[in-house]
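> Make a model of this:
(one chain, ligands or ions: 2)
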Amino acid sequence: MHVLFYSTLDDPAEWLPELRRHLPEARIEVWPEIADPAAVDVALIWTPPPDGLSRYPNLRAVLSLGAGVNQLDLASLPRGVPVARLVDPSLTDGMRDYCLWTVMRYHRFLDEHLANQALRKWVYKMSPPKASVDVGILGLGELGAAVAQALATVGFRVRGWARSRKTIEGVRCFAGEAELAAFAAETQILICLLPLTAETRGILSRRLFRMLPRGARIINVGRGDHLHEADLLAALDAGEIGAATLDVFSREPLPSDHVFWSHPKITVTPHVATWGTAASAAPHVAENIRRAVAGRTLLNQVDIARGY
Ligand code: NDP
Ligand code: OXD
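Ligands and ions are numbered 1, 2, ... in the order given. Here you go, the predicted model:
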């Protein structure tokens, strides 16, 4: 059992001890120190290593260190090798917190209160009841469904959109392109939790912005390429979109001269909405390594043709 580890984000010093605890029989090597490429069974990676994965002729699985897999560039991976993504309670919990925090910030007019504080102005502006505020979530998978349920539990009116029809308690569910406009029509705060695929690339664009109520707020925690940047800037200028919180960007790190950094209606966070901790995720990863080596179906295996 031979595992290659490579990540520009995840620290091998955290991951290796956790993996070894759950998989003492495995030999785990950190790229580029790979003694025998032909011996590697599993690649555990955030992105492919700079020299790709074609050097490993006996690879039996590619395991993503993230919930998303677009950064693996699925088309470039060795054909026929199964790919799995990370589904983990620590990752889900972090995303739930980030979305609750951002929705609450908009709901409780925090930006207005901070602006008034800077002017030493006492403005008694109270929020409407949560039950009158519609939050809409694009994507009702592991993360989107958990966020939707959390928002419904604290009292928001929640709606969600996915490819297939879902049933989630307290959440009004819409499905497919035909129901996107109906979903958007009453979404005052929009959260994007879609995977990046050919179908979802650029979905946060003028077309969708015009389906939303005027002044809607946008939270993009999916991927940067879901967003059409110029359309967002135009919609903010026109008042069609009231504000945006962006955690993901087409280019990461966001270049220091990018207009988003200083835009008064945009909040930038550096792709930190959530992550899977090694301590929490190692058992799941270890199980998938065992499955790969035994030739069994992986947990959370990606449908390569669908792209997620
Ligand atoms: P899942 O695969 O569990 O869920 C994806 C959801 O999107 C599903 O409900 C799916 O619908 C829906 N979907 C996919 N394509 C379409 C489409 N064309 N039209 C409508 N709905 C669609 O993914 P996760 O919830 O685990 O993760 C979602 C994304 O969140 C990741 O891919 C990643 O990009 C992002 N992410 C961002 C992080 C951050 O820190 N900012 C951290 C982790 C993830 P259906 O159920 O019908 O298939
Ligand atoms: C992920 C991410 O996909 O951190 O897990 O973006």
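> For the stretch 101-250 of the chain, which segments count as helices?
Per DSSP state H, counting those that start in this stretch, the stretch 101-250 of the chain carries helices over the ranges 110-118, 142-153, 180-185, 206-209, 229-237.
> Not counting the fourth one itself, show me its contacts.
This points to helix 206-209. The contact list for helix 206-209 (C-beta atoms under 8 Å, 6 or more residues apart in numbering) reads 180, 184, 216, 228, 231, 232, 234, 235, 240, 241. For the C-beta atoms, the positions are set from N, CA and C on the backbone; glycine is no exception.
> related to what we said a few turns ago, and the helices of the stretch 101-250 of the chain: which comes nearest residue 30?
Residue 30 sits nearest to helix 142-153 of all the helices of the stretch 101-250 of the chain, at 27.7 Å, using C-beta to C-beta.
> Ligand 2 contacts on the stretch 51-200 of the chain?
Neighbours of ligand 2 within the stretch 51-200 of the chain, by C-beta under 6 Å from any ligand atom: 66, 67, 68.
> what about the last one, distance to ligand 1?
Distance of residue 68 to ligand 1, computed by C-beta to the nearest ligand atom, to the nearest Å: 3 Å.
> That residue - nearest residue in space that isn't next to it in sequence?
Among residues not flanking residue 68 along the chain, residue 195 sits closest, at 5.8 Å (C-beta to C-beta, 6 or more residues apart in numbering).
> want to throw the helices of the stretch 101-250 of the chain into TSV with distance to residue 17, mean pLDDT and mean neighbour count?
Shown next, in TSV, are the helices of the stretch 101-250 of the chain (distance: least, C-beta to C-beta, whole Å; pLDDT from 0 to 100; neighbours: other C-beta atoms under 10 Å):
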stretch	distance to residue 17	mean pLDDT	mean neighbour count
helix 110-118	40	97	12
helix 142-153	26	98	22
helix 180-185	44	98	17
helix 206-209	44	98	19
helix 229-237	40	98	17
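> want to throw the ones you listed into CSV with distance to residue 248?
Listed next are the helices of the stretch 101-250 of the chain as CSV, based on distance: least, C-beta to C-beta, whole Å:
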stretch, distance to residue 248
helix 110-118, 21
helix 142-153, 13
helix 180-185, 20
helix 206-209, 17
helix 229-237, 12
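> ok, the contacts of helix 206-209 vs residue 141, which is closest?
Comparing the contacts of helix 206-209 against residue 141 with C-beta to C-beta picks out residue 180 as the nearest, at 16.7 Å.
> contacting residues around residue 81?
Per C-beta under 8 Å, 6+ apart, neighbours of residue 81: 53, 59, 60, 61, 62.
> Got the phi and psi for the third one?
Backbone torsions for residue 60, taken as degrees, to the nearest 10, come to phi -110, psi -10.
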